[in-house]
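Participant: Okay, here's the prediction I keep looking at, along with the sequence it came from:
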Amino acid sequence: MTPFSDEKATGTVRSEQVGSIMTALRNRVLEGKLLPGTKLKEAELAAQFGVSRTPIREALVAAEREGLVTYETNRGYTVRQFTRRDLLESYEMRALLEGHGCRIVAERGLPLDVERALRNGLDRAEALMSGDSPLEGEALEQWRLLNQRFHTTLMGLVPSGLFNRSFQTVYRVPKIYDVLEMEKDGPTLRQYNEEHRRILDAIARRQSGRVEFLMREHLQGPCDLLLRRMEEMPDG
């Protein structure tokens, strides 16, 4: 193997290391295992991951670009604290992107197997709810996963790398800030599920203008919930 190919192989390994570390950091932040304001020390992270500080530094730079951490001179990296404005802008951008994404999917036509899978997911979500009782425990977690899958599946059908990168950026909000993580009310969750049905029906009928409106309106619900709950959040 030539020196150049040795260097290329080493670069590939480090790139994979950085990617793995970045994924782990992202998951820890989004799952709330690394709380807002937590200082991220390169030496400690290097020891945790069993690597040198170089891939840790590169992963932190990538995490900053993704908006998960912030950097200050002489202070280093900390887990980002989202403000009210950050969260409102996130939902507003989601409404614009997902509305437009649904329009594209409706215009292109929804694959039958995907439609069946989504309808099955909506039926499963409905079955988790009983009367007006709030969802708790495993049932609540299953509902949240099905809700997430509905949105990410539809957006994953948009044939645009730029669109999907933009969607992932605004979709990645830590669970501690996610209003749906706070919501347990049975009637409210049932309403969200019914809105999903109307959205899916409009896509299946290729009603592109209608589905864009429905998705934007659908995301207004969590935004309104956020407005009611964000008095405790820092201004920004």
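Facilitator: Received, thanks.

Participant: Go ahead and confirm Phe163 touches Leu97.
Facilitator: Yes - using CB atoms under 8 Å, Phe163 is in contact with Leu97, at 7.1 Å. In this view, the C-beta of every residue, glycine as well, is placed from N, C-alpha and C.

Participant: between those two, which one's more packed in?
Facilitator: Regarding Phe163 and Leu97, a neighbour count based on other CB atoms under 10 Å identifies Leu97 as having more, with 22 against 15.

Participant: Which stretches in this protein count as helices?
Facilitator: Assignment of helices within the chain using DSSP state H yields the ranges 3-30, 42-49, 53-65, 84-108, 112-128, 137-156, 161-171, 179-182, 186-204, 208-229.

Participant: Pull out the buried positions in the third one.
Facilitator: Of the residues in helix 53-65, Pro55, Ile56, Glu58, Ala59, Leu60, Ala62, Ala63 count as buried by neighbour count, 16 or more other CB atoms under 10 Å.

Participant: before we move on, the earlier item: find residues that contact each of Phe163 and Leu97.
Facilitator: Shared contacts of Phe163 and Leu97 (CB atoms under 8 Å, 6 or more residues apart in numbering): Met155.

Participant: circling back: adding distance to Cys223 and pLDDT, write the buried residues of helix 53-65 out as TSV.
Facilitator: Formatted as TSV, those follow (distance: CB to CB, whole Å; pLDDT from 0 to 100):
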residue	distance to Cys223	pLDDT
Pro55	38	93
Ile56	36	94
Glu58	35	94
Ala59	32	94
Leu60	31	95
Ala62	29	92
Ala63	26	91
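
Participant: can you list the domain ranges for the chain.
Facilitator: Partitioning the chain according to automatic domain parsing yields domains covering residues 3-79, 84-232.

Participant: what's the most buried one of these?
Facilitator: Across the domains of the chain, averaging neighbours per residue (mean count of other CB atoms under 10 Å) puts domain 84-232 on top, at a mean of 16.
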